[in-house]
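> for reference, the sequence and a predicted model appear below.
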Amino acid sequence: MSTAVAPRKLNPLLAAYLRNLSTNPLRTKAITTAFLQFFQEILASHLAGAPPPRVSKDAPFLVHVFARAQVSSKAFKMAAYGFLISAPMSHTLINALTRVFAGKSGLTARVGMLLASQLVVAPIQIFAFLSCMAIINGATSVDQVAKTVKAGFGKVIRITWMTSPVYTVFAQQFLPTELWVPFFTFMQFLTGTYFNTKIKRMQIEAEAKKKEKETKKD
C-alpha cells in the first residue's frame, strides 16, 4: 500500500497554522471555524439575495457600509456557534472516531471509518447545525426548531453522503495526513455555505408567499 509523502516545502502561513494545530488543536480549530462561519454567513446572504440588515438613517457611515456588505448580528452569532459549538463538537467526535480505529489500517479500516463518519458523526453535526441555524434565524420555541430540522435534515444528509465520501477518499489518496484538517475544514466551509444559502432562499420564498397571501386577503 502506498503512503502519502509530506511536502518538503510549505507556505509559511500554512506551516505556522499546522504548528498551532499540532500544539493547540482545539483552540486553533475553534478560531478557524469561528472565522469561516462569520464569512460563510456573509457570503450566503449575498448568494441568496437576502436584503441587507436595516439600519437607522442617522447611523454612522461605517454602520451603513457594514449593512451593505451583509455584516449583521447573525454573522457574529454564526461565529459564536463555530467557536463554542461546531469546533468543540467536531473535535470531540473526530477524536473519538480516531481512537476507535487507532492501530487499524487497510481498506476495511478505511471503509469502516468512512461509514462511521457518515452514519454517526455527520447526523449529529447536521442536527446541531440546523438547530443552531433555526435559533440564529429567529426560532423561539422547540417546535419551531424541530420544524426547521425536520424540513432540512433529509436534504442536508443526502448531499453530505454524496459529497463527503468523495473528498474523504481524495484526501486519503492524495494528501499528506497533516493537510487533512485544513482540507476538510475548507470543504465543510463550501458545503456549509451551500446549505446556508439554500436555507436563506427558502426563508425568502416563504416570506414572499406570506406577503402575497396577506395582500390577497386585503
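That came through, no problem.
> my guess is Ser164 contacts Ala122, does it?
Yes - look at Ser164 against Ala122 with CB atoms under 8 Å: they come within range, at 6.7 Å. To be clear about C-beta, it is placed using only N, CA and C from the backbone, and glycine gets the same treatment.
> residue ranges with poor pLDDT in the chain?
Regions of the chain meeting the criterion pLDDT under 70 cover residues 1-8, 217-218.
> ok, now which ones touch the most centrally placed residue in the chain?
Nearest to the geometric centre of the chain sits Gly192, at 3.9 Å (CA atoms, centre = their mean). By CB atoms under 8 Å, 6 or more residues apart in numbering, Gly192 lies in contact with Leu36, Gln37, Gln40, Phe129.
> buried residues, stretch 125-140. List them.
Gln125, Ile126, Ala128, Phe129, Leu130, Ser131, Cys132, Met133, Ala134, Ile136, Ala139 (16 or more other CB atoms under 10 Å).
> that should have said stretch 10-29, apologies.
Buried residues in stretch 10-29 (16+ other CB under 10 Å): Tyr17, Leu18, Leu21, Thr28, Lys29.
> now for whatever helix or strand the fourth one lives in, which elements pack on it?
Element membership for Thr28 (DSSP states H and E) is helix 25-48. The helices and strands touching helix 25-48, judged by 3 or more CB pairs under 8 Å, 6 or more residues apart in numbering; DSSP states H and E, are helix 12-23, helix 73-81, helix 87-100, helix 180-217.
> make it 7 Å
helix 73-81, helix 87-100, helix 180-217 (3 or more CB pairs under 7 Å, 6 or more residues apart in numbering; DSSP states H and E).
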